[in-house]
Structure formats: structure tokens, C-alpha cells
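Pasting a predicted model and its sequence here:
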Amino acid sequence: MREAKRQQRKLNFLITQTELYAHFMSRKRDTGHDGIQEEILKKLEDSSIQRQIDIGGGVVVNITQEDYDSNYYKVRALKNAEDAFRIHQAQTRSFDEDAKESRAAALRAANKSGTGFGESYSLANPSIRAGEDIPQPTIFNGKLKGYQLKGMNWLANLYEQGINGILADEMGLGKTVQSIALLAHLAERENIWGPFLIISPASTLNNWHQE
């Protein structure tokens with residue numbers, strides 16, 4: 001019985017950490033969450049833990065009460081969640097800085113090449129020059145095949161015209177990586193980081209996770 005209560009407390013501790021982290025993430029967008037943190041931490045109080053266990057046959061036994069410092073676990077859970085949140089913020093800032101530098105490097109390279117607007121500018125695609133091939137985004141990890149790069153260019157052209165979609169070709173030709181590359185292109189070149197709504201069959205979710 002004592003082990004069962006220990007496991008229950010451990011589970012409550014893990015759940016509390018997760019809910020605190022989610023609260024910190026949502027607090028960036030909504031500051032009207034006064035009191036929510038305390039409500040989450042109350043789950044670690046001993047009164048919220050079952051004191052009796054049904055062992056079957058209608059028999060209920062009392063759990064032997066142990067020394068349990070709920071305040072200690074509240075402080076520990078809060079610290080763990082805050083540390084994880086700070087790490088997430090640092091990683092996000094680092095990624096944004098790297099992406100900013102990548103965009104700046106791309107602009108410097110474009111300026112050195114001497115390309116400009118004028119006749120090469122397409123009114124149909126205001127962000128894409130006529131006849132221009134969009135290179136693979138530098139933040140995209142991997143190497144697109146030739147036909148996949150053409151597919152990404154096609155998707156980018158559609159996007160510039162307010163159209164979203166992808167070719168319904170055979171399986172295994174890289175539609176997933178083309179879509180991911182398009183999102184990387186929008187982030188790197190257009191500074192559009194989402195959120196994005198992607199509609200796809202549930203069977204493709206595993207591929208998205210892997211790629």
C-alpha cells in the first residue's frame with residue numbers, strides 16, 4: 001500500500017510539472033492567468049491524494065500516513081518547469097538568430113550577384129522574379145532531388161498567388177519533404193513562421209515526424 005501511494009505521488013508530481021510548463025508557455029500570449037499556478041500546485045498537497053485503496057472484494061484499507069512535505073515538492077516542480085521553460089526560450093532565440101543570419105547572408109549574396117527588379121520582376125508573383133529558380137532553403141536539413149526542388153518552386157509560386165495545394169502524384173516521390181521545404185522557404189525568405197494548417201491523411205503523420 002505504501003508503494004502504491006508513493007507511485008501515485010510520483011505521478012502527480014510529473015503531471016504537475018507538465019501542467020506548469022504548459023501554463024508558462026500559454027502565459028506568453030495571455031497574462032490573465034492569475035491564480036492558475038497555485039491551482040496546479042495544489043495537486044501536490046496530501047489532501048488531493050487518495051488515502052484509501054480498494055483491494056477487491058469490497059475491502060478498503062487505509063494507507064499508512066508517511067512524512068510528506070508537499071511544500072518541498074511544490075518548489076521542486078516549479079523549479080523544474082521554470083528551468084525547462086527557460087531552456088526552451090533560449091533554444092528559440094538561438095534558432096531565430098541563426099535564421100536571421102541565414103536570411104542576411106542570402107540577401108548579401110543576392111546583392112553581390114547584381115540582380116534587381118525591373119523587367120525581371122513578375123507582377124503575377126511579386127516575391128518571385130520571373131524565371132527565377134528558388135534554391136533549397138539553408139535551414140532545411142537534407143538534400144532535395146531535382147524534381148523535388150521543382151515541386152517546392154511550384155508550391156512557392158502557388159503560395160504567392162494565394163493558392164495552397166500539392167500535386168497528388170504517386171507515393172514515395174517526396175511530397176512530405178517538398179511541403180517541409182516550402183515552410184522552411186517561407187520562414188527563411190519571407191520571415192513567415194506560421195502557424196501553418198496542414199491537412200493530410202493520418203497515415204502520413206509518422207512520415208512527417210520522421211522527416
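Happy to help now that I have it. This is a predicted model, so every value here is computed, not measured. Numbers count the residues shown, from 1 in each chain.

moving C-terminal of the lengthiest helix in the chain, what's the next helix or strand?
Criterion DSSP state H: the longest helix present in the chain is helix 70-113. Counting by DSSP states H and E, the next helix or strand C-terminal to helix 70-113 is helix 146-160.

Which residue ranges make up the domains of the protein?
The record's domain split for the chain, according to the TED database, is 1-28+35-44+71-109, 126-194.

pLDDT (mean, whole number) over the first one?
Taken as a whole, domain 1-28+35-44+71-109 has an average pLDDT of 82.

Over to stretch 180-200?
Here the average pLDDT along stretch 180-200 is 84.

for it, the distance to its chain's centre please.
Chain-centre distance of stretch 180-200: 13 Å, with C-alpha atoms, centre = their mean, to the nearest Å.

Give me the residues contacting that stretch.
99, 102-103, 106, 127, 134, 136-140, 144, 148-149, 152, 155-156, 159, 179, 208, 211 (C-beta atoms under 8 Å, 6 or more residues apart in numbering). The C-beta positions use only the backbone N, C-alpha and C, and glycine is treated the same way.

so who does Glu82 touch?
20, 24.

quick revisit: sort out which of the contacts of stretch 180-200 are buried, if you could.
The neighbour count (16 or more other C-beta atoms under 10 Å) marks 99, 102-103, 134, 137, 139-140, 144, 148-149, 152, 155-156, 159, 179 as buried among those.

Lowest-confidence entry in these?
Within those, pLDDT is lowest for Arg103, at 73.

For the closest residue to it other than its chain neighbours, give its distance to Ala22.
Distances taken as C-beta to C-beta, 6 or more residues apart in numbering put Glu188 closest to Arg103, at 5.9 Å, once the chain neighbours are dropped. Glu188 sits 29 Å away from Ala22, going by C-beta to C-beta, to the nearest Å.

Next: Lys10.
19 Å.

Could you do Gly172 as well?
Gly172 is 37 Å from Ala22, by C-beta to C-beta.

neighbour-wise, which of these two wins?
Ala22 (13 against 6; other C-beta atoms under 10 Å).

ok so, going back, can you redo the domains of the chain as TSV with distance to Thr204?
Compiled in TSV, the domains of the chain are given as follows (distance: least, C-beta to C-beta, whole Å):
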stretch	distance to Thr204
domain 1-28+35-44+71-109	25
domain 126-194	7
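
so which of those domains gets nearest Ser203?
domain 126-194 (10.1 Å; C-beta to C-beta).
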